[in-house]
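1. make a model of this:
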Amino acid sequence: MSQTVSRLNVERREYSHHDVVELITQLQALYAQIYGGQDASPIHDAEFLPPRGALAVGYVDGQPVAMGAWRKTGDGTAELKRMFVVDGFRGQGFSRSILTWLETSAIEHGITSMVLETNQNHPAAIALYRSVGYRDIPPYGYYADNPRTVSLGRDLVPADIYSM
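-> Here you go, the predicted model:
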């Protein structure tokens, strides 16, 4: 059985863009299903504007199907946020494409390491990040005290990013 993988067109967007708002609504519904509640960590639109951050939306035939963002958290460090692919478009490598775009963007803005928080209830996310070199780091951030939180990070090396 063959599967056609649609081409993903990745575009930078602002946090308030209507496609981002729709994808975040779907992501929050997924969080409620997986974690029993929505993500309550503080988010400010300006955190995702260059040079402090970036947000990307992936489109297939003009339809928004994937997104992700990074925001600067310290000198040379950024946090990955809002990684999401719409159900029905998963398993086609779109998360990896968004992640590559985000890491490349971060490098272009002087970021040398990326960190993220996820949760043991989201094994697919953990598998994705580990498959591209993210490793356990000390707990940090809004959910640091939650025993199910998984904190991961990696150094951003341009050669690694472009070979994913």
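2. residue 42: neighbour count?
-> 6 (other C-beta atoms under 10 Å). Placement of C-beta: from N, CA and C, glycine included.
3. show me what contacts residue 116?
-> By C-beta atoms under 8 Å, 6 or more residues apart in numbering, residue 116 lies in contact with 79-81, 129, 134, 151-153.
4. which one of those residues sits closest to residue 67?
-> residue 81 (9.8 Å; C-beta to C-beta).
5. to which secondary structure element type does the closest one belong?
-> At residue 81 the chain is in strand, as set by DSSP: H, G, I helix; E, B strand; the rest coil.
6. start at 791 instead
-> Noted, 791 is the first residue going forward, which turns the last one into residue 871.
7. number of nearby residues for it?
-> 22.
8. and if you look at residue 875?
-> 26.
9. do the same with residue 815
-> 10.
10. so residue 938 makes contact with residue 909?
-> Yes: in terms of C-beta atoms under 8 Å, residue 938 counts as a neighbour of residue 909; the distance is 5.1 Å.
11. hmm, back to that, most surrounded residue in the contacts of residue 906?
-> So for the contacts of residue 906 (other C-beta under 10 Å), the most neighbours sit at residue 870, 24 neighbours.
12. chain center to stretch 800-812, what's the gap?
-> Stretch 800-812 sits 13 Å away from the centroid of its parent chain (C-alpha atoms, centre = their mean, to the nearest Å).
13. residues in contact with it?
-> With C-beta under 8 Å, 6+ apart as the test, stretch 800-812 has contacts from 833, 835, 838-839, 844-849, 854, 857, 859, 887-888, 891, 895.
14. quick one: which of the residues you listed sit in helices?
-> 887-888, 891, 895 (DSSP state H).
15. state the pair within these that is farthest apart.
-> 887 and 895 (12.7 Å).
16. now the helices for this protein?
-> Going by DSSP H, the chain shows helices at 808-825, 884-898, 913-921, 948-952.
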